[in-house]
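J.: Fold the stuff below for me.
(chains A and B)
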2 protein chains.
Amino acid sequence: MSQTVTGFEVHDIRFPTSEQLDGSDAMNPDPDYSAAYVVLRTDDGAEGHGLCFTIGRGNDVTAAAIGALRPYVVGRPAPRTPADLAALSTELTHDSQLRWLGPEKGVMHMAAGAVINAAWDLAAKSAGRPVWEFLAAMTPEEIVSLVDFRYLTDALTPDEALDILRAAEPGRAERTARLRAEGYPAYTTSPGWLGYDDAKLVTLAEQAVADGFEQIKLKVGGDLDDDIRRMKLARAAVGPDIRIAVDANQRWDVSEALRWMSALAPYEPHWIEEPTSPDDILGHAAIRAGQPVKVATGEHVANRVVFKQLLQAGAVDYVQIDAARVAGVNENLAILLLAAKFGVPVCPHAGGVGLCELVQHLSMFDYIAVSGSLEGRVIEYVDHLHEHFADPAVVVSARYRAPSAPGFSARMLPESIAAHSYPDGPVWQARRTTEEAGA
Amino acid sequence: MSQTVTGFEVHDIRFPTSEQLDGSDAMNPDPDYSAAYVVLRTDDGAEGHGLCFTIGRGNDVTAAAIGALRPYVVGRPAPRTPADLAALSTELTHDSQLRWLGPEKGVMHMAAGAVINAAWDLAAKSAGRPVWEFLAAMTPEEIVSLVDFRYLTDALTPDEALDILRAAEPGRAERTARLRAEGYPAYTTSPGWLGYDDAKLVTLAEQAVADGFEQIKLKVGGDLDDDIRRMKLARAAVGPDIRIAVDANQRWDVSEALRWMSALAPYEPHWIEEPTSPDDILGHAAIRAGQPVKVATGEHVANRVVFKQLLQAGAVDYVQIDAARVAGVNENLAILLLAAKFGVPVCPHAGGVGLCELVQHLSMFDYIAVSGSLEGRVIEYVDHLHEHFADPAVVVSARYRAPSAPGFSARMLPESIAAHSYPDGPVWQARRTTEEAGA
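T.: Numbers count the residues shown, from 1 in each chain, chains lettered A, B, ... in the order given. You can find the predicted model right below:
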């Protein structure tokens, strides 16, 4: 039975998270976690859901960019096969006029990612499988056909990608069984937001260990003395065996990163995340070479071309993919394959709105069919806003459970969408009323 | 007298250039040259004009991004001084929530550039000077204060920038006089669009030489045999002493660029422009090292951080700034200073809609106050769409005349804006009527 896309809804959804300083860091002091959210509807009643994560202002611009993609989807057959999904990805990322707005970066590229991910949600639901399983059931040839190798072949050719995938084929069934039984390791960022006071940091760090987490993360980069104090407190709270990653959210120039991390190194941070501009490949390489702490980045890396160079330059120890920054599943497949080629573990960025829900599928697929390993790998987990999703990410004993519902786990509850629609949803109307009363 | 910004208009303006294949190249077969255009109005009747250049679809998204910046400008004093202009640039590019949409790249960054450039237009008009002269009248300290050095200090510190500017101070008056008398060298891309047939190519190439141009540019990258034939025709038409640059518009992977340019090298192309992804710093470095033709890029380089690395990696022989891709005058000052630090000539990208008008000011300022040189430097010139501007770029005997009207030469004629407004201006209404009649 064919299925035609007949509906395309875009929502500007914002959560007033700045009220509690959830998500606060050295570069983002007061984020209102938001999603430009797209729903594809088909003539047989199916739905595909996708989103761009933003932190407030400008979410309307991202929603407008998603809206510009409507003609590429509506009135056409819903993508179902790898060939369909490859064609959609190519069309959205290589449309010659839209491409000028990036190319392959920023608002327009994120919007393409939201629509591509919504199409994957739809296709996986048609197949009756969660996205991780839908992907893991594909042949190496099908997986390679989904990837855009343009600008990658000096680092990774289609044949090399095939070799990587074929090498991982024998263990797929065993790893799938293990994943279903044991889940995928998670770490938590909940204790570490920069806006939290010391007492809250310590309480949440202790709670994380009690919950079974073996890694937590602290935001750094505001003030070095504060960071040293917080690092000491966290180390005392969790003990010597728990990994403490730190995250500067792009706060530093190269020399500042070297100075700061040399000062924090005695407290043994597990990695320094986003020490500088996500565009600064050579800067990351210099930081990795110039101080002892391992380097991670990726949540703001615009596309596969920049990831390719971070790997070529030996600039990162951990690749942090983000499900909603690049052009969807297809581009993340390229990045997973690049990381496997260079032998660098993928530890996704998550949190935000729906990012845990989405990215778990990619790491689980990576484990089954690409890297074949959990060694050094861990998915970020932040325990907020999951209640707005129909199939929320489930973390038990510090491990993501493998999703079983068909699709990409991206569906937000209708009442959450209605309540948080910006600017006219009741949450925002109430906030304006409060502000006016206070003014 | 203080001046307050009271009006902020955004226009979606598109020219149906795809009808003639003006602007066609290997990646952009049928562009409709467009501008998301902003007008700032003040309470004393002054106007500041700025724009993002796009090639059609998505121009509405860019217009929406400009619209999101309205609250940062309206109801505030119009920027006049270097300090005002630095503060506006910082606010627009470092707003913590909007920054998430890049950071510093793509639609949101281009929109910031349009508004920043409109503010420069306004400030230069207040000072009664064209932007190039307004800039060239500033002290080295003022110029340095306009630059955001974040992420640059491993390559260029404020003190080094001051040294560069101070070293160029003694000759400013002499170079200004020479610029007014002789203009700034231009090259022409008009003969070389990929959609033009051989006869049109030859005719336009001969015309370019007759007009005094010492450099022309051909688009390449569609088909190697075609490119060799076109290169031979062009060389025969212009003779051995005219430089022929070639431009692949990001068409190739590294190995393809090496193969293609090795095949074209016998015809002595002056440079190969955009051989691969503008994000691929290491790729450009490999291409520069692996074949004999000089490498140029920049029109799609997202920001100063990527330019920094292109220079650090020795990846380019020519830096091609674009007036409307990065965050306006301020970020282009950073790029001019970086290029000067590394001793690499700046040869701007222009053409499009209003890009010649804008970027001439930056190269003229570079000559007077930064590099102090015309050696190896040339501004692109494309002879179309200038008739829509109130102070069009004037090229006589293959040299840009120094603009004399106050401001940034960015004002489009009201009748041009009205005629080409999308989708409801008469040009687009007529086109729809024609299409419907033909369908």
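J.: use CA for all of it now, contacts and neighbours both
T.: Fine.
J.: Please list all residues in contact with A:Ile55.
T.: Counting by CA atoms under 8 Å, 6 or more residues apart in numbering or on different chains, A:Ile55 touches A:Pro31, A:Asp32, A:Tyr33, A:Ser34, B:Gln97, B:Leu98, B:Trp100.
J.: okay, now the residue of the stretch 251-400 of chain A found nearest chain B: neighbour count?
T.: Closest contact between the stretch 251-400 of chain A and chain B, by CA to the nearest CA, is at A:Asp253 (4.8 Å). For A:Asp253, the neighbour count with other CA atoms under 10 Å in any protein chain shown is 21.
J.: Need the per-residue pLDDT for it.
T.: In this model, A:Asp253 is scored at 98, pLDDT.
J.: before we move on, what about the one 5 residues further on?
T.: According to the prediction, A:Leu258 has pLDDT 98.
J.: who touches it in this structure?
T.: Here A:Leu258 is in contact with A:Ile287, A:Gly290, A:Gln291 (CA under 8 Å, 6+ apart).
J.: neighbours around the first one, how many?
T.: The reference is to A:Ile287. Neighbour count of A:Ile287, defined by other CA under 10 Å: 27.
J.: Tell me where the stretch 201-350 of chain A has helices.
T.: Using DSSP state H, counting those that start in this stretch, the helices of the stretch 201-350 of chain A run over A:224-238, A:254-264, A:281-290, A:304-312, A:328-342.
J.: what about the helix or strand A:Phe365 falls within, average pLDDT?
T.: Taking DSSP states H and E as the definition, A:Phe365 sits inside helix A:355-365. Mean per-residue pLDDT for helix A:355-365: 98.
J.: Figure out the helix or strand that A:Ala161 lives in.
T.: Counting by DSSP H and E, A:Ala161 is found in helix A:158-167.
J.: who are the neighbours in contact with the closest residue to chain B within chain A?
T.: Chain A approaches chain B most closely through A:Gly106 (4.4 Å), counting by CA to the nearest CA. By CA under 8 Å, 6+ apart, A:Gly106 lies in contact with A:Ala302, B:Leu101, B:Gly102, B:Pro103, B:Lys105, B:Gly106, B:Val107, B:Met108.
J.: What sits closest to A:Ser397 if chain neighbours are left out?
T.: In this structure, A:Ser397 finds its nearest non-sequential neighbour in A:Gly212, 5.2 Å apart by CA to CA, 6 or more residues apart in numbering or on different chains.
J.: Got the confidence number for the one you found?
T.: 97.
J.: Check the burial of it by counting its neighbours.
T.: Neighbours around A:Gly212, by other CA under 10 Å: 14.
J.: how close does A:Pro16 sit to A:Ala68?
T.: Remark: distance between A:Pro16 and A:Ala68 (CA to CA, to the nearest Å) = 27 Å.
J.: again, but for A:Cys347
T.: Applying CA to CA to A:Cys347 and A:Ala68 gives a distance of 32 Å.
J.: With neighbour numbers in mind, choose between those two.
T.: Taking neighbours as other CA under 10 Å, A:Cys347 and A:Ala68 compare with A:Cys347 leading, 25 against 19.
J.: Quick check: that one touching A:Leu374?
T.: No - between A:Cys347 and A:Leu374 there is no contact under CA atoms under 8 Å: 9.9 Å.
J.: for the spatially closest residue to A:Val301 that is not a sequence neighbour, what are its contacts?
T.: Closest residue in space to A:Val301, ignoring its immediate chain neighbours: A:Pro278 at 5.4 Å, by CA to CA, 6+ apart. Going by CA under 8 Å, 6+ apart, A:Pro278 touches A:Gln250, A:Thr297, A:Gly298, A:His300, A:Val301.
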